[in-house]
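Q: Show me how the following folds:
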Amino acid sequence: MLEYIALAFSVWFAGFFPFFEIYVAIPYGFVIGLDPYSVVFWAVLGNFMPVPLIEYGYGWLEKFERFRRWQLKLIKPSLEEKINRKGKWFIAVFTPWIGVWAVAVTCKALKVRKDILMLYTFVGIAAYAIALALLIALGITVAG
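A: As a prediction, this is how the structure comes out:
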């Protein structure tokens with residue numbers, strides 16, 4: 001049991017850590033011997049965790065003047081409206097590609113609604129994790 005907890009935590013951490021995220025966590029989980037369900041569960045949980053952290057810790061960041069200036073440069077009212085209205089699937093599709101940390105901070109700066117941010121980042125992360133785990137489990141490689 002202790003061994004499983006250590007392995008699960010390492011997959012969770014790989015998913016949580018910027019630059020590793022889902023694309024490292026999933027293959028890593030298979031390499032260390034976790035079953036596909038555990039790999040997907042812990043990798044998705046780890047990769048999604050920055051979203052609530054940023055969602056609820058963003059107010060702390062706004063206390064810093066330099067951060068507020070950066071935020072004012074980034075925010076365009078028309079872009080805010082478009083993301084909240086039409087950008088949901090953009091968030092879902094590109095979160096695993098761009099990185100959950102960058103997407104979550106950018107979406108908060110653009111004042112994307114919490115429900116949209118949480119749901120569509122989770123959907124994107126989970127879909128990519130399942131697809132990647134399925135490809136690995138089936139032995140399909142994308143490298144030449």
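
Q: My guess is V105 contacts I54. True?
A: Yes. Contact criterion C-beta atoms under 8 Å: V105 and I54 qualify, at 5.8 Å. From N, CA and C alone the C-beta is placed, and that goes for glycine too.

Q: all helices of this structure, in order?
A: Under the criterion DSSP state H, the chain contains helices at 2-16, 21-31, 36-48, 50-61, 65-74, 77-86, 88-98, 100-109, 114-137.

Q: okay, the ones you listed in CSV with mean neighbour count next?
A: Listed next are the helices of the chain as CSV, based on neighbours: other C-beta atoms under 10 Å:
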stretch, mean neighbour count
helix 2-16, 16
helix 21-31, 21
helix 36-48, 22
helix 50-61, 15
helix 65-74, 11
helix 77-86, 13
helix 88-98, 18
helix 100-109, 21
helix 114-137, 18
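
Q: among those helices, which gets the worst mean confidence?
A: Between the helices of the chain, the lowest average pLDDT goes to helix 77-86, which shows a mean of 69.
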